[in-house]
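Asker: quick one, structure for this:
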Amino acid sequence: MSPESFNFTVTVPGDARLVGVVRDLCAHAVGYAKMPEAAGAALCERVAAAAAEAVATNPDVACPLDFTCAGGELRVTVAGQTITQPLNA
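Answerer: Numbers count the residues shown, from 1 in each chain. Below you'll find the predicted structure:
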(Lines give C-alpha, C1' and ligand atoms only; values in the text may rest on other atoms or scores of the structure.)
Protein backbone atom coordinates (compact mmCIF):
# COMPACT_ATOMS: atom_id res chain seq x y z
CA MET A 1 0.00 0.00 0.00
CA SER A 2 1.30 3.43 -0.96
CA PRO A 3 -0.20 6.84 -1.79
CA GLU A 4 -0.19 5.87 -5.49
CA SER A 5 -1.61 2.37 -4.99
CA PHE A 6 -4.26 1.45 -2.45
CA ASN A 7 -7.76 0.05 -2.14
CA PHE A 8 -10.32 -0.03 0.63
CA THR A 9 -13.97 -0.92 0.74
CA VAL A 10 -16.54 0.26 3.27
CA THR A 11 -20.28 -0.23 3.54
CA VAL A 12 -22.23 2.65 5.06
CA PRO A 13 -25.82 2.29 6.26
CA GLY A 14 -28.37 3.88 3.93
CA ASP A 15 -29.00 6.93 6.08
CA ALA A 16 -28.86 10.49 4.74
CA ARG A 17 -27.25 11.61 8.00
CA LEU A 18 -24.14 9.61 7.02
CA VAL A 19 -23.42 11.40 3.72
CA GLY A 20 -20.95 13.55 5.66
CA VAL A 21 -19.14 10.38 6.72
CA VAL A 22 -18.81 9.40 3.05
CA ARG A 23 -17.39 12.86 2.28
CA ASP A 24 -14.90 12.49 5.16
CA LEU A 25 -13.79 9.05 3.95
CA CYS A 26 -13.21 10.54 0.52
CA ALA A 27 -11.20 13.38 2.05
CA HIS A 28 -8.96 10.86 3.81
CA ALA A 29 -8.39 8.97 0.55
CA VAL A 30 -7.66 12.24 -1.29
CA GLY A 31 -5.20 13.31 1.40
CA TYR A 32 -3.42 9.96 1.43
CA ALA A 33 -3.16 10.05 -2.38
CA LYS A 34 -1.66 13.57 -2.13
CA MET A 35 -4.16 14.92 -4.65
CA PRO A 36 -4.18 18.71 -5.21
CA GLU A 37 -6.61 20.41 -2.83
CA ALA A 38 -9.08 21.79 -5.40
CA ALA A 39 -9.29 18.55 -7.37
CA GLY A 40 -9.70 16.56 -4.16
CA ALA A 41 -12.47 18.82 -2.87
CA ALA A 42 -14.32 18.55 -6.19
CA LEU A 43 -14.03 14.76 -6.13
CA CYS A 44 -15.36 14.61 -2.57
CA GLU A 45 -18.34 16.78 -3.51
CA ARG A 46 -19.15 14.46 -6.44
CA VAL A 47 -18.80 11.41 -4.19
CA ALA A 48 -21.04 12.96 -1.51
CA ALA A 49 -23.65 13.83 -4.15
CA ALA A 50 -23.60 10.25 -5.44
CA ALA A 51 -24.02 8.93 -1.88
CA ALA A 52 -26.91 11.32 -1.24
CA GLU A 53 -28.56 10.19 -4.48
CA ALA A 54 -28.08 6.51 -3.59
CA VAL A 55 -29.64 7.03 -0.15
CA ALA A 56 -32.53 9.07 -1.57
CA THR A 57 -33.22 6.45 -4.23
CA ASN A 58 -32.95 3.47 -1.87
CA PRO A 59 -33.50 4.61 1.71
CA ASP A 60 -32.43 2.15 4.38
CA VAL A 61 -30.33 0.13 1.87
CA ALA A 62 -26.63 -0.10 2.73
CA CYS A 63 -24.35 1.91 0.43
CA PRO A 64 -21.16 0.11 -0.60
CA LEU A 65 -18.11 2.31 -1.23
CA ASP A 66 -14.90 1.27 -2.95
CA PHE A 67 -11.84 3.53 -3.02
CA THR A 68 -9.10 2.48 -5.45
CA CYS A 69 -5.99 4.44 -6.30
CA ALA A 70 -4.08 2.99 -9.24
CA GLY A 71 -2.80 4.00 -12.64
CA GLY A 72 -2.49 7.66 -11.70
CA GLU A 73 -6.11 8.13 -10.67
CA LEU A 74 -8.41 7.78 -7.69
CA ARG A 75 -11.62 5.86 -8.43
CA VAL A 76 -14.50 5.88 -5.98
CA THR A 77 -17.45 3.60 -6.58
CA VAL A 78 -20.60 4.58 -4.69
CA ALA A 79 -23.48 2.08 -4.90
CA GLY A 80 -22.30 0.97 -8.35
CA GLN A 81 -21.53 4.45 -9.75
CA THR A 82 -17.81 5.05 -10.38
CA ILE A 83 -16.33 8.54 -10.09
CA THR A 84 -12.74 9.07 -11.27
CA GLN A 85 -10.21 11.84 -10.73
CA PRO A 86 -6.60 11.94 -12.00
CA LEU A 87 -4.12 12.34 -9.14
CA ASN A 88 -2.26 15.24 -10.72
CA ALA A 89 -5.23 17.26 -12.01
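Asker: confirm that residue 61 lies within a helix, as I assumed.
Answerer: No: the assignment for residue 61, made by DSSP: H, G, I helix; E, B strand; the rest coil, is coil rather than a helix.
Asker: how far away is it from residue 80?
Answerer: Separation of residue 61 from residue 80 (Cβ to Cβ, to the nearest Å): 12 Å. For the C-beta atoms, the positions are set from N, CA and C on the backbone; glycine is no exception.
Asker: so which elements touch the helix or strand hosting residue 66?
Answerer: Secondary structure assignment for residue 66, by DSSP states H and E: strand 63-70. Applying 3 or more Cβ pairs under 8 Å, 6 or more residues apart in numbering; DSSP states H and E, one finds that strand 63-70 contacts strand 6-12, helix 19-32, helix 37-57, strand 73-78.
Asker: contact partners for the nearest residue to residue 48 once chain neighbours are set aside?
Answerer: Leaving aside its sequence neighbours, residue 48 sits nearest to residue 23 (Cβ to Cβ, 6 or more residues apart in numbering; 4.2 Å). Counting by Cβ atoms under 8 Å, 6 or more residues apart in numbering, residue 23 makes contact with 44-45, 47-48, 51.
Asker: ok, so of those, who is nearest residue 84?
Answerer: residue 47 (10.8 Å; Cβ to Cβ).
Asker: quick one: contacts for residue 82?
Answerer: For residue 82, the contacting residues are 75-76, by Cβ under 8 Å, 6+ apart.
Asker: can you tell me how far it is from residue 8?
Answerer: To residue 8, residue 82 is 15 Å away according to Cβ to Cβ.
Asker: what of residue 54?
Answerer: When distance is defined by Cβ to Cβ, residue 54 is 18 Å away from residue 8.
Asker: out of the two, which sits in the busier spot?
Answerer: Between residue 54 and residue 8, counted using other Cβ atoms under 10 Å, residue 54 has the larger neighbour count: 23 against 14.
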